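Asker: Need a 3D model of the sequence below.
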Amino acid sequence: MERMVLELLRKTLLERVAIDVDSIEKRSFVDERGELVQECHKIEIDIYMTDKQAYALEVKTLVESKDVDWIVAKKRFLERSYNMRARWLIVASAITQEAYMKAIKGGIEVVCRSIVGE
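Answerer: This is a model prediction of the structure:
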């Protein structure tokens with residue numbers, strides 16, 4: 001499903017943020033102290049790297065408010081625990097209006113096909 005969403009938005013990602021879908025890699029980080037979920041739980045994100053910028057991507061078909069809460073928590077955890085400085089993006093087929101506003105407020109860009117009502 002993730003690959004399908006990336007393929008749907010391939011052209012938009014390339015034009016808007018210069019991300020080549022074929023170069024996205026999955027990375028895992030370990031929550032050693034159990035700050036987010038449980039001790040030693042793996043936190044997975046998709047990463048796209050260039051010479052100058054790292055991009056952290058969350059790819060979903062539909063993004064709701066609770067999904068953004070989780071993504072913002074992961075963003076803060078990775079910044080604090082791994083000193084990860086990246087440009088964060090949600091890549092989705094659709095996102096709810098509330099989730100979109102929450103993402104923008106949390107410092108996460110959104111690339112999607114549509115914004116839907118609750």
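
Asker: tell me which residues form a beta bridge with Ala92?
Answerer: Beta-bridge pairing for Ala92 (DSSP bridges): Lys60, Cys112.

Asker: Would you check how far apart it and Ala103 are?
Answerer: Separation of Ala92 from Ala103 (Cβ to Cβ, to the nearest Å): 10 Å. Where C-beta positions appear, they are placed from N, C-alpha and C, glycine not excepted.

Asker: Find residues that contact each of those two.
Answerer: 63, 110 (Cβ atoms under 8 Å, 6 or more residues apart in numbering).

Asker: pLDDT on the longest helix seen in the chain, on average?
Answerer: Identified as the longest helix of the chain according to DSSP state H is helix 65-82. If you average the pLDDT over helix 65-82, you get 90.

Asker: what does that helix contact?
Answerer: Residues contacting helix 65-82 (Cβ under 8 Å, 6+ apart): 29, 31-32, 35-36, 43, 45, 56, 58, 60, 84-86, 88, 90, 96, 98-99, 102-103, 106-108.

Asker: What of stretch 98-106?
Answerer: Outside stretch 98-106, the residues that touch it by Cβ under 8 Å, 6+ apart are 63-65, 67-69, 71-72, 75, 90, 95, 109-110, 112, 115, 118.

Asker: Run a quick neighbour tally on Tyr48.
Answerer: Using other Cβ atoms under 10 Å, the number of residues around Tyr48 comes to 21.

Asker: does the residue nearest to the spatial centre of the chain sit in a helix, a strand or a coil?
Answerer: Nearest to the geometric centre of the chain sits Glu58, at 2.5 Å (Cα atoms, centre = their mean). Following DSSP: H, G, I helix; E, B strand; the rest coil, Glu58 is assigned to strand.

Asker: Tell me who's in contact with it.
Answerer: Taking Cβ under 8 Å, 6+ apart as the test, what Glu58 contacts is 45-46, 67, 71, 74, 88-91, 108.

Asker: Recalculate using a threshold of 6 Å.
Answerer: Contacts here follow Cβ atoms under 6 Å, 6 or more residues apart in numbering; on that basis Glu58 touches 71, 90.

Asker: Thanks a lot, catch you later.
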